[in-house]
Each structure stands twice: as C-alpha cells, then as structure tokens.
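>>> Build me a model:
(chains A and B)
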Amino acid sequence: MTHWADVINNLGFLMKGLLITLELAFIAILGSLMLGTFLGITRYLRLPFFSLISASYIEFARSIPLILFIVFIHFGFLPYFFPGTESSFFLSSCIALIIFTSAYVAEIIRGGLNSIEKGHIDAARSLGLSRIQRLKHIILPLAFQRMMPALVSQFIALIKDTSLASTIGLIELTRAGEIIYERTYHEFEILIFIAFVYFIICFSLSRLSKVLETKPYAKLQSM
Amino acid sequence: MYNINFDVIAQAAPQLIQGIKTTIFISVISSVCAFIIGLVIVFMRTMGGSLLKAIGAIYVEIIRNTPMLIQLYFVYKALPDLGLFLHPIACGIIALSLYTGAYISEVLRSGVNSVTSQQYEAARGLGLNKWQTFRLIIFPQAIRIVIPPLGSQFINLVKNSSLVSFIAVTDLFYFIYKGAVDDFRFFEFFIAGAFVYMTLTGIIAVIFNRIEKMFKLHGREARV
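Below is the predicted model:
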C-alpha cells in the first residue's frame, strides 16, 4: 500500500482534470439555474400552454438516468443536428447536465414560490404592483432565500454527476484518474485521492449552505 | 433524412428484455439492502452512544459527498488490490446499497426527528428498552411521513443502477447503448430506453402512492 507516489507524481495532471470538472460544474449550474427558474415560473404562473410543456419536460427528465442523456446527446443527437461536433465532449456533457438538473431546479423553484404566504402577495397587490412586479420584487427574493438549502444540495449532486462525463471521454477529474491507473494498475490510491477531492468540494459547499440557511433567521432574531 | 424505424427495437427485444431483468434484479436486491442499511444507520444515530453516532454521521457524509461512479469503481477496481475479488453484479449491488442506504438513512432521520421527545420519555416510563422504543414507538410514527421522499430514493436507485454497465454488468443501459452503436440507430434506442426507464420509475411511484394511502391515518385531516 505504498503507491501514493502515483498521486504525487501526477498531481499536475489530476489538477488539470479538476479544473475541467469545476468549469463544467460552474457552467452547468448557471445554465440549469436559468432554465430551471424559467420552467419553475411558467409552472407557478400556470401559463396555459407553456405550463403543460414544462410539466411534461420535468417529468420526462426526472425519470430517466443522466447517463442516458449524456451518452445519447454526445453520440447521437449533437453530431446529427450539428455535424462537426463529434469530439466536443465538454459541450455535450454540459447540455446533458443542464437538461437533467434544470428539471430538479424547476421543481425546487416551484415549491419555493408556492411556499410564500398569501399575506405577502395580498400586500404587494394592495400596493398596486402588477403580476410581473410582484414576482420580481416580492415573491422571488423571498422564495430564493428559502430555496437556498435545496438548491445547494441539488448543485452538490450536479458536481458529483460531472464524474459521469468521464464515460464519454471528457478528461475531467475522474477520467484523469482513470488514465493514470490504467497505466500503473494502482487503482486504490488514485480512487481514494479523487474521492477525497470530491469530498472536500461537496462537503464545504454543504457546510456553506448550512450557514446560509441560518443567516436569515439570525437577522430576524436580532431585529 | 433520418427515417425512424422501430424494427430495430423489435429485433433487439430479446436482449433488451434480458437487460430489463438484470436491472430489476439488481434494483430489487439493492433496494432491500439499502433500506436495511438506512434503518441500521438511523438506529445508530438516534439510539446509539456518541461513538455509534459519530460512525453513522461519518458514513453518511462520506457517501453523500462523493460520486456514485467513484464508489462503484472503488468496489470493482480497488478492492481486488486489497485481495477481495467479487462478481461484477455483486459489486454493483454493494455500491448501490451503500450509496442509497446513506440517503435513505437521512430521509428516515428527518422522520425520526419529527417525533416529539415526550414519546421517548413515555416509552422510557413504560420500561421499554432502546430497541423496543425504536421499533414500537418511534419507527411507526416516523415512517408514515417519509413515504413520499422514500419513494423518490428508490426511483433514484433504479436510475443509478444504469451505472453498473460501466463495470461490465449487462444491464438495460448496456444493451440499449450496444444496440444504438451496433445499428447506429440512436433515436430509436434512446426512445426505447427512455420509455422503459419511465415505466420502471412510474411503477415505483404508483406503488409508493398506494403505500402512502395504506398508511394514512383516518380522521387526521379533520383535526387540522
């Protein structure tokens, strides 16, 4: 059990992979937050046609494994609709992650919006705010505060899911580790190290969300 | 122009059915194991001493903050380094059970936490020991309210079971991917795969809706 030199010698390569993982996670988080908010709001407002579309989209995306999206977008849909994108691993895994996670984000957003008490909405209405203004200035800011813990845990799941991009050949953290141990055959140390890196990122994020969770209440108590 | 042609699905049907059987087999066994693991962990964390509590918490944090794929590779590729050789299906079941077990224990814990402390005191007053308190008083009240999130954990388990195809288990996803690559018919196989996975997760959702109705206390709505 003394192959830790494998990790140290290849640290630069692994960190390059980590950078790709973080880039992928960052872009996918932004994308899924935008698409998810849009879908969640259309369901919350019960817009006649869009609501049905987003409801079926959410149900579809939530009941299918992510790996099905990643593999079929990369090998099937993207090369067919956009010829010349056969080797764009980053793009296809990003699209798949956004499609998959935005459905979960939409459900969180809808739940948060529905949890706002009627009193706030009535108060906003009596101030003469329009429907869009109520949503923009009153309901969304209030709801975002409440949704923070659920959103952060969904984004932790997304960071973990970026490891699936290794299966189509994107050289992120997991694939970088695979490349190393396919050469050295010392899987144990590399896998422990990769798991440790993921753990540091995800665990610190979950602690951060705990802090964010208690902050609004702390403010209320001090008032 | 691409012509969608579902004959290829019909030709691949025997393989796909074999894959569905493997997926169901792995999912059912892992579900049972994961539920048992979840129960043990939640018992350790509510009734155990400080050491058992710490072990339970560390287990849950490690599993929940590392990717399932890494855990799967660990069981399949790193355990042989330590001298433990297992069948790929066994590796898949172990990794899936450990992963989902941690999530199930968190779901159960949220239910257990909602049971008031007076219940513990009353149970102690009746002279029940820790195991009896958990089994007879706490668990029946806790399980009732966590049935919907429990169902979504089992749905996640079925979806995550598709990852076992990367450790050489010929499950549903393996045959869908193989069919798509062999015939170069991505659209048909994607639709077929989506349909089967939606059916499987839909069945679980229906089962848990039934269970929820079965466990519902009559007259509770009237009180609120």
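
>>> any idea how far B:Tyr177 is from the closest residue to chain B within chain A?
Nearest to chain B in chain A, going by Cβ to the nearest Cβ, is A:Gly76, at a distance of 2.8 Å. C-betas here are computed from N, CA, C, even on glycine. According to Cβ to Cβ, to the nearest Å, A:Gly76 and B:Tyr177 sit 10 Å apart.

>>> Comparing these two, which residue is more hemmed in?
Between A:Gly76 and B:Tyr177, counted using other Cβ atoms under 10 Å in any protein chain shown, the more crowded position is B:Tyr177 (23 against 20).

>>> just checking, that one touches A:Ile70?
No: counting by Cβ atoms under 8 Å, B:Tyr177 sits too far from A:Ile70 to count as a contact (10.9 Å).

>>> residues contacting A:Phe50?
A:Thr42 (Cβ atoms under 8 Å, 6 or more residues apart in numbering or on different chains).

>>> Roughly how far does the residue of chain B found nearest chain A sit from A:Phe89?
Nearest to chain A, among the residues of chain B, is B:Phe186, at 2.8 Å (Cβ to the nearest Cβ). Per Cβ to Cβ, B:Phe186 is found 17 Å from A:Phe89.

>>> what about the residue of chain A closest to chain B, is that helix, strand or coil?
Classification of A:Gly76 by DSSP: H, G, I helix; E, B strand; the rest coil places it in helix.

>>> I'd say it and B:Phe186 touch.
Yes: the criterion here is Cβ under 8 Å, and A:Gly76 meets it with B:Phe186 at 2.8 Å.

>>> between these two, what contacts are shared?
Counting by Cβ under 8 Å, 6+ apart, the contacts common to A:Gly76 and B:Phe186 are B:Ala180.

>>> Get me the contact residues on chain B for chain A.
Residues of chain B lying near chain A by Cβ under 8 Å from any Cβ of the partner chain: B:2, B:61-62, B:64-71, B:73-74, B:77-78, B:81-82, B:155, B:159-160, B:162-163, B:166, B:173, B:176-177, B:180-181, B:186-187, B:189-190, B:193-194, B:197-198, B:201-202.

>>> one step back: who's in contact with the residue of chain A closest to chain B?
Contact analysis of A:Gly76 by Cβ under 8 Å, 6+ apart lists B:Ala180, B:Phe186, B:Phe187, B:Phe190.

>>> B:Val112 now?
B:Val42, B:Thr46, B:Ile138, B:Phe139, B:Ala142.

>>> where does chain B dip in pLDDT?
B:1, B:218-224 (pLDDT under 70).

>>> which residue ranges form the helices in it?
Counting by DSSP state H, chain B has these helices, from start to end: B:7-47, B:50-64, B:68-73, B:88-113, B:117-125, B:130-132, B:139-145, B:147-160, B:172-183, B:186-215, B:220-223.

>>> which stretch among the ones you listed comes nearest A:Ile116?
Closest approach to A:Ile116 among those is made by helix B:147-160 (21.8 Å; Cβ to Cβ).

>>> which helices and strands sit right next to the closest one?
Here helix B:147-160 touches helix B:7-47, helix B:88-113, helix B:186-215, going by 3 or more Cβ pairs under 8 Å, 6 or more residues apart in numbering or on different chains; DSSP states H and E.

>>> Which residue of chain A lies farthest from its centroid?
Distance from the centre of chain A peaks at A:Ser126, with 37.1 Å (Cα atoms, centre = their mean).

>>> what's the spacing between that residue and A:Ile138?
Taking Cβ to Cβ, one finds A:Ser126 at 12 Å from A:Ile138.

>>> any idea which of the contacts of A:Gly76 is the one closest to A:Thr214?
B:Phe190 (43.8 Å).

>>> give me every residue that touches the closest one.
Counting by Cβ under 8 Å, 6+ apart, B:Phe190 has contacts A:Leu68, A:Phe72, A:Gly76, A:Phe77, B:Ile176, B:Ala180.

>>> PyMOL command for the buried members of the residues you listed?
Command for PyMOL, covering only those of these found buried under the criterion 16 or more other Cβ atoms under 10 Å in any protein chain shown:
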select buried, (chain A and resi 68+72+76+77) or (chain B and resi 176+180)
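
>>> Could you find which two of the contacts of B:Phe190 are furthest from each other?
A:Phe77 and B:Ile176 (14.7 Å).

>>> What's the local residue count around the residue nearest to A:Ser88 when sequence neighbours are not counted?
Closest residue in space to A:Ser88, ignoring its immediate chain neighbours: A:Leu78 at 7.0 Å, by Cβ to Cβ, 6 or more residues apart in numbering or on different chains. Other residues near A:Leu78 come to 19 when the count uses other Cβ under 10 Å.

>>> Check the gap between A:Leu78 and A:Gly40 for me.
Using Cβ to Cβ, one gets 26 Å for the distance from A:Leu78 to A:Gly40.

>>> need the contact list for residue 4.
As the question left the chain open, I've gone with chain A. Here A:Trp4 is in contact with A:Glu189 (Cβ under 8 Å, 6+ apart).

>>> Chain B, not that one
B:Phe187, B:Glu188.

>>> One more pass at 6 Å, please.
By Cβ atoms under 6 Å, 6 or more residues apart in numbering or on different chains, the residues touching B:Ile4 are B:Phe187.

>>> what does A:Leu68 give?
B:Gly193.

>>> Quick one: mean pLDDT over the strand or helix carrying it.
Per DSSP states H and E: A:Leu68 is located in helix A:66-72. For helix A:66-72, mean pLDDT is 94.

>>> which residue sits closest to B:Ala78, ignoring its sequence neighbours?
B:Ala78 sits nearest to A:Phe188 (Cβ to Cβ, 6+ apart), 4.2 Å away.

>>> now swap in B:Leu200 and tell me
Leaving aside its chain neighbours, B:Leu200 sits nearest to B:Val158 (5.4 Å; criterion: Cβ to Cβ, 6+ apart).

>>> That neighbour: what's it in contact with?
B:Ser27, B:Leu200, B:Thr201.

>>> can I assume the last one is in contact with B:Ile155?
Read it as B:Thr201. Yes: look at B:Thr201 against B:Ile155 with Cβ atoms under 6 Å: they come within range, at 4.7 Å.

>>> who's more crowded, those two?
Between B:Thr201 and B:Ile155, B:Thr201 has the larger neighbour count (other Cβ under 10 Å), namely 23 against 20.
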